[in-house]
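>>> build the 3D model from these lines:
(2 chains)
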Amino acid sequence: MTTETATRAQPVPSRHSLTRPRSEQGRAATGFLAPFLALYLLFIIGPALYGLLMSFFDTSLVKPGLSAFAGIDNYVEALSSTAFWSSLWHTIWFTILTTPPLILLAFVLALLADRVKTGRWFFRLAFFAPYILPSAVVALIWMWIYTPELGLLTVTLQKMGITAPVWLGDPAWAMPSLAITTLWWTLGFNFVLYLAGLQDIPRELYEASAIDGAGPWQQIRTITIPMLGRTTTLVAVLQVIASLKVFDQMYIMTSGGPNFATRSILEYVYDEGFTNYRVGYAAAISTLFFLVVLAVSAVWFTLVRGQEKEV
Amino acid sequence: MTVPDAPLAGLSRRSVLAGALGAAGVLGLGGGLAGCTSAVVTGLTGGREQAGSLDYWNLFGGGDGVRMQQMLNTFRADHPDINLSAVTLAWGNPYYTKVSLATIGDKPPDVAISHLTRMKNLVDANLLEELKPADLARHGLTADKFNRRAWEAGLVDGKIYAIPLDTHPFVMFYNTEIAKKADLLDGDGRLKPLDSPEAFTDAMRRAKKATGVYGGVVAFISENSTPWRIFQSFYSQLGGQMLADQGRRVVIDDAKATQVLDFLRSFTSSGLFPSSVDYQGSIAMFANGQAGFFFQGEWEISTFQTAKMPFSMTLFPNVFGGDRYAVQADSHTFVVPRGPADPGRRDRALTFVRSMLDQGKTWAEGGHVPTWLPFRDSAAYREMTPQSNYASAADAAAYDPQGWYSGSGSNFEIITGSSIAAVLAGQLTPQAAVEQMRTKLSDLANTPSPI
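Predicted coordinates:
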């Protein structure tokens, strides 16, 4: 504990004494960042602004130029279209279904893997391995598992005397099925973050609490969980954003079906922009979705700032 | 960059690296990608092999893919001067999206497959090159040598854009042993006609008794095109239309559509057909003898030949048509996407097309009805069974209606197919499904065409 106190007690150098070197540092930093900034402007900010511009035109993929000015027609069409709202809801529903288990389960598994005495490497590898698979491979594996009548899951449940639903074919089950696939696939990332967080907790805390008579459950509740607060925030933010961006699994496994029950907002953008050639309209949907993500991020940002003040 | 076609010949660090990239691309980009690595590398790096090269894109999987591969090998042997690289992409919307984007991005294939029902939209979007009669004539490709219906459907404003390879109708497969057991064969061992709702239902009932599981099977889980195809076959027999005015109006006939949907639903609700089965599952059920009848495009012929099961194929029954026979069908055509102004390019493409047409026998073995008359009128084709049983379907083809959102595997098929599938699964009533189709199609019909 002494080292920690020393670090915190280090006197903060006054702002004045650092003025010159800091501005020189700033110039150097700008120089080093310039290549990145140039590419960022060229490939992220530029196209984003162009997309915003396109959203006010009837731009077609197969016609040159922006085509006719549409004003806010594209936005009006999107906001009054059931396809827009239902696909937006599908994305949010997917986020709701995946985020809590991906945080909770990753935490529990990390905790267990951290306590294992022998063969710890095996558990780490086993939980992380699916994460390195490309989405198409994951989709194929799970499509075979979910195959109605003949698939692994259906047949296994049948042998246990349970009638399995048509996983990907039933509108009510398709989204949970995709969520389960995603859980298996991406759990490893959160798992590794938690594992790293666990290893950062000073062992002395556990020793001290053990001497004071705390049981393992009490230790988890009063030491592990609070000490992992920052990790949980990070995992949650990354997870919500990753879930909102969902596209691959649905595109490959269900193509947004059955009966459009799993078409995410990004697939709607893809369908309209690239398949229907209506890039102007697709840009308007993207802009609206961007606003949603921005709002979600703002809420998180406020929460995180509140939390940082407490710590 | 040049990519060696012979595997391992002249393997350099660069080609290994490119190969690894290509493999990663296959895994990452799409489940259905099954092209050879060299082609994927060419696609990824945007490299064009210059003199004498020919890039060919197609959408043939399964048995079609195997036969196309044979035909490509013959072509390679006959034309060693042309360096052919073929890419097979996932069927449906993704394929046409890729063809469009590659052509817009100035990296088009030199020759590509397009369904007849998707070709007109590609023409309207200015993505295809017109094929001049003089160029075609040099390769012996003249209108009089093609099935008239398919050839004329490939004309846009009298100009030639597409060379039809085949017509592929929706057909009826049946297990000959089960049909015999169910007493559905006549004296010559042919299937008795099922040309009325009663005869059709009765046959399914007898077949169910014979298999002990199901009478027939049609795929509709995670599948839009198959439900649309079986619906469209019955619906066109009743004379029903879906769209009018180039897709600007939705003209679904409620009474006829509801009648067909009620009829279809009666099979899944009574247990004559499975009430949930996807494409692969439907194949497996028919191959395992769990269903006596199987409804699908004729291209699945190779699957069941490979399975070495007793089966035959015939025209999709004329349940509602009376004198008027109709069945859903489409055609595969060759098109030349707009590309660099290189006269050699078009000649190589047409040489390729001619070679494919001359190998009509291989292609017909895959079930498709040939449009190339020199082969279709030959004794060799007439002797092919069960292929020649349903050759007349080509003349009764009910193509998907025109519209910027319509055609094989299009949004139109997704909307109609998913509504029909929901009826088959018992999730929607026929009335609600018709209403859903009308609402969703009207949205598209009222949207100004982006093409």
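>>> so what's B:Trp404 closest to, chain neighbours aside?
Counting by C-beta to C-beta, 6 or more residues apart in numbering or on different chains, B:Trp404 lies nearest to B:Ser449, which is 4.1 Å off, once chain neighbours are set aside. Bear in mind the C-beta positions are built from the backbone N, C-alpha and C, glycine included.
>>> okay, now the one you found: neighbour count?
B:Ser449: 19 surrounding residues under other C-beta atoms under 10 Å in any protein chain shown.
>>> ok, now which ones touch it?
Residues near B:Ser449 by C-beta atoms under 8 Å, 6 or more residues apart in numbering or on different chains: B:Asp124, B:Gly247, B:Trp404.
>>> so how far is B:Ser408 from the one residue in chain B that gets nearest to chain A?
Nearest to chain A, among the residues of chain B, is B:Ile221, at 3.4 Å (C-beta to the nearest C-beta). From B:Ile221 over to B:Ser408 the distance is 20 Å, taken as C-beta to C-beta, to the nearest Å.
>>> now B:Met119
Taking C-beta to C-beta as the measure, B:Met119 falls 10 Å from B:Ser408.
>>> between the two ends of stretch B:134-142, how far is it?
Across its full length, stretch B:134-142 reaches 9 Å end to end, with C-alpha to C-alpha, to the nearest Å as the criterion.
>>> run through who's touching it.
Stretch B:134-142 is contacted by residues B:Pro133, B:Ile160, B:Ile163, B:Arg346, B:Asp347, B:Leu350, B:Thr351, B:Val353, B:Arg354, B:Leu357 when judged by C-beta under 8 Å, 6+ apart.
>>> which ones among those map onto strands?
Using DSSP state E, the subset of those located in strands is B:Ile160, B:Ile163.
>>> which ChimeraX command selects the buried ones in the contacts of stretch B:134-142?
In ChimeraX syntax, the buried subset of the contacts of stretch B:134-142 is picked out as below (16 or more other C-beta atoms under 10 Å in any protein chain shown):
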select /B:160,163,346,350,351,353,354,357
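>>> closest one of the contacts of stretch B:134-142 to B:Arg205?
Closest to B:Arg205 out of the contacts of stretch B:134-142 is B:Leu357 (43.6 Å), distances taken as C-beta to C-beta.
>>> and the residue lying closest to that closest one once chain neighbours are set aside, what are its phi and psi?
Nearest in space to B:Leu357, with sequence neighbours left out and distances taken as C-beta to C-beta, 6+ apart, is B:Trp372 at 4.4 Å. Main-chain torsions, B:Trp372, degrees, to the nearest 10: phi -80, psi 110.
>>> bridged to B:Trp372, which residues?
Applying DSSP bridges to B:Trp372 yields these beta-bridge partners: B:Phe146.
>>> now, which of the contacts of stretch B:134-142 sits nearest B:Gln259?
B:Ile163 (38.3 Å).
>>> give me the nearest residue to that closest one, chain neighbours excluded.
The shortest distance from B:Ile163 to any non-neighbouring residue, by C-beta to C-beta, 6+ apart, is to B:Phe334 (4.6 Å).
>>> does that neighbour sit in a helix, a strand or a coil?
strand (DSSP: H, G, I helix; E, B strand; the rest coil).
>>> check contacts around it.
B:Phe334 touches B:Val111, B:Ala112, B:Ile113, B:Ser114, B:Ala162, B:Ile163, B:Leu165, B:Ala349, B:Phe352, B:Val353, B:Met356, counting by C-beta under 8 Å, 6+ apart.
>>> residues from the stretch 201-350 of chain B in reach of chain A?
B:Ile221, B:Ser222, B:Asn224, B:Pro274, B:Ser276, B:Val277, B:Asp278, B:Gln280, B:Gly281, B:Ala284, B:Met285 (C-beta under 8 Å from any C-beta of the partner chain).
>>> check which element follows the helix or strand containing the last one along the chain.
Assignment of secondary structure by DSSP states H and E places B:Met285 within helix B:279-287. Per DSSP H and E, helix B:279-287 leads on to strand B:291-297 as the next helix or strand towards the C-terminus.
>>> kindly report the residues of the stretch 1-150 of chain A close to chain B.
Counting by C-beta under 8 Å from any C-beta, the residues of the stretch 1-150 of chain A close to chain B are A:58, A:60-63, A:81, A:83, A:134-137, A:139-140, A:147-150.
>>> let's see that with 7 Å instead.
Contact residues, the stretch 1-150 of chain A versus chain B (C-beta under 7 Å from any C-beta of the partner chain): A:Ser60, A:Leu61, A:Val62, A:Pro134, A:Ala136, A:Val137, A:Ala139, A:Leu140, A:Thr147, A:Pro148, A:Glu149, A:Leu150.
>>> give me the buried subset of those residues.
Neighbour counting with 16+ other C-beta under 10 Å marks A:Ser60, A:Leu61, A:Val62, A:Pro134, A:Ala136, A:Val137, A:Ala139, A:Leu140, A:Thr147, A:Pro148, A:Glu149 as buried within the residues of the stretch 1-150 of chain A next to chain B.
>>> of the residues of the stretch 201-350 of chain B next to chain A, the lowest pLDDT goes to which?
Lowest pLDDT of those: B:Ser222, 82.
>>> pLDDT weak spots in chain A?
Where chain A drops to pLDDT under 70, the residues are A:1-22, A:307-311.
>>> mind doing that once more with 50?
For chain A, the stretches with pLDDT under 50 are A:1-11, A:17-18.
>>> secondary structure class for whatever residue of it ends up closest to chain B?
Closest approach between chain A and chain B, counting by C-beta to the nearest C-beta: A:Gly169, at 3.4 Å. Secondary structure for A:Gly169, judged by three-state DSSP, is coil.
>>> what's the answer for the one 5 residues further on, then?
Taken by three-state DSSP, the conformation at A:Ala174 corresponds to helix.
>>> now it: closest residue in space that isn't a chain neighbour?
Nearest non-adjacent residue to A:Ala174 (C-beta to C-beta, 6+ apart): A:Thr262, at 4.8 Å.
>>> can you give me the strands in the stretch 151-300 of chain A?
Using DSSP state E, counting those that start in this stretch, no strands are assigned anywhere in the stretch 151-300 of chain A.
>>> right, and the residue nearest to B:Leu357 touches B:Lys361 too?
No. B:Trp372 lies out of contact with B:Lys361 (C-beta atoms under 7 Å); the separation is 10.3 Å.
>>> so between the two, which is more surrounded?
B:Trp372 (26 against 14).
>>> contacting residues around that one?
By C-beta atoms under 7 Å, 6 or more residues apart in numbering or on different chains, the residues touching B:Trp372 are B:Lys145, B:Phe146, B:Leu357, B:Gly360.
>>> hmm, 10 Å instead?
Under the criterion of C-beta atoms under 10 Å, 6 or more residues apart in numbering or on different chains, the contact partners of B:Trp372 comprise B:141, B:145-147, B:150, B:163-166, B:354, B:356-360, B:363-364, B:378, B:381.
>>> now swap in B:Ile178 and tell me
By C-beta under 10 Å, 6+ apart, the contact set of B:Ile178 is B:184, B:206-211, B:215, B:286, B:289-293, B:310-311.
>>> just A:Trp300 next, same as before
A:Thr233, A:Ala236, A:Val237, A:Val240, A:Ile241.
>>> wait, the third one sits on A:Phe301?
Yes. Using C-beta atoms under 10 Å, A:Val237 is in contact with A:Phe301, at 8.8 Å.
>>> for A:Val293, see how far away A:Phe301 is.
For A:Phe301, the distance to A:Val293 (C-beta to C-beta) stands at 12 Å.
>>> between these two, what contacts are shared?
If you check A:Phe301 and A:Val293 against C-beta under 10 Å, 6+ apart, no residue is contacted by both.
>>> quick one: which of the two has more around it?
The neighbour comparison of A:Phe301 against A:Val293 (other C-beta under 10 Å) goes to A:Val293, with 15 against 11.
>>> and for the closest residue to that one other than its chain neighbours, the neighbour number?
Excluding the flanking residues, the one nearest A:Val293 by C-beta to C-beta, 6+ apart is A:Leu244, at 5.9 Å. By other C-beta under 10 Å, 20 other residues sit near A:Leu244.
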